[in-house]
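**Q** Pasting the sequence and the predicted model now:
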Amino acid sequence: MGAIHRELHSHLPSAPELRVKALESLLVEKGLLDPNTVDAWIEVYTEQIGPKRGAEVVARAWTDPAFRDRLFADGTAGITELGFEGWAGGHLRVVPNTPAVHNLVVCTLCSCYPHAVLGIPPNWYKTAAYRSRAVRDPRGVIAEFGDAIPDDVEVRVWDSTAEVRYLVLPERPAGTEDWDVARLARLVTRNSMIGTERDLGRLVGRG
């Protein structure tokens, strides 16, 4: 995680990001845009649209085997059942973690991401450091986020594209058998749905 952060902060913003900032500043200066509105929309995408939507999808899959099967068969149709269709939600594939398998999602060419269920991607997801190292050293990357994947657990790396995007279904933590969907959803983190976090059991006490 520290290496990714250092890589992130060692570069100036990308050309598109600089253009967006310049355009926003010009619109604000001319009175055509309220910066509070921009902040509000960012908050909606980061806090309400996602990753809370994805967390609800995961919690539903944990509690409803029939829904889980439909989600695995067609991820886009599954999230549409919950009213979460939308931007970059098409061609969604859901991949489950198991005791023997851990999944990690990356977009090696750019930053394709299931915005409909996860909102705005974190900055580190878009960095060259993450995009390259997730493929070369997935265990090392996950370890930097705080989870050590045991040697007997297979790590599968999924490369998102414009044609197909991925959502990781983390394992349901033990001790949550009598929890409802809303309570379970509070355990699910954005990183667990990308695959940089595996152990949600440590959050059970906070639920």
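**A** Ah, there it is.
**Q** C-alpha only now, for contacts and for neighbours.
**A** Fine.
**Q** Output the contacting helices and strands for the strand or helix carrying residue 94.
**A** Using DSSP states H and E, residue 94 sits in strand 92-96. For strand 92-96, the contact count by 3 or more CA pairs under 8 Å, 6 or more residues apart in numbering; DSSP states H and E identifies helix 65-73, helix 75-81, strand 101-106, strand 165-169 as packing neighbours.
**Q** Dump the ones you listed to a markdown table, plus mean neighbour count.
**A** Output for the helices and strands packed on strand 92-96, formatted as a markdown table (neighbours: other CA atoms under 10 Å):
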| stretch | mean neighbour count |
| --- | --- |
| helix 65-73 | 16 |
| helix 75-81 | 20 |
| strand 101-106 | 25 |
| strand 165-169 | 26 |
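**Q** so where do the helices sit in this protein?
**A** 2-9, 15-29, 35-43, 52-63, 65-73, 75-81, 115-118, 128-136, 138-144, 181-185, 190-194 (DSSP state H).
**Q** Between those, which one is closest to residue 107.
**A** Checking the helices of the chain against residue 107 by CA to CA gives helix 128-136 as the closest, at 6.3 Å.
**Q** quick one: that closest one to strand 101-106, angle?
**A** Orientation of helix 128-136 against strand 101-106 (axes from the mean of the first three to the mean of the last three CA atoms, to 10 degrees) gives an angle of 150 degrees.
**Q** which residues are in contact with helix 128-136?
**A** 4, 7, 104, 106, 107, 108, 109, 124, 125, 141, 157 (CA atoms under 8 Å, 6 or more residues apart in numbering).
**Q** Looking at those residues, which is nearest residue 71?
**A** Nearest member of the contacts of helix 128-136 to residue 71, counting by CA to CA, is residue 104, at 18.1 Å.
**Q** pLDDT of stretch 68-85, averaged?
**A** Mean per-residue pLDDT for stretch 68-85: 94.
**Q** Regarding it, how distant is the last residue from the first?
**A** End-to-end distance of stretch 68-85 (CA to CA, to the nearest Å): 17 Å.
**Q** With stretch 108-118 instead?
**A** First residue to last in stretch 108-118 (CA to CA) measures 18 Å.
**Q** Contacts for that stretch next, please.
**A** For stretch 108-118, the external contacting residues (CA under 8 Å, 6+ apart) are 46, 49-54, 79, 84-89, 92, 107, 121, 125-126, 131-132, 159-162, 165-167, 190.
**Q** For the protein, give me the ranges with low pLDDT.
**A** 1-17, 45-49, 87-89, 206-207 (pLDDT under 70).
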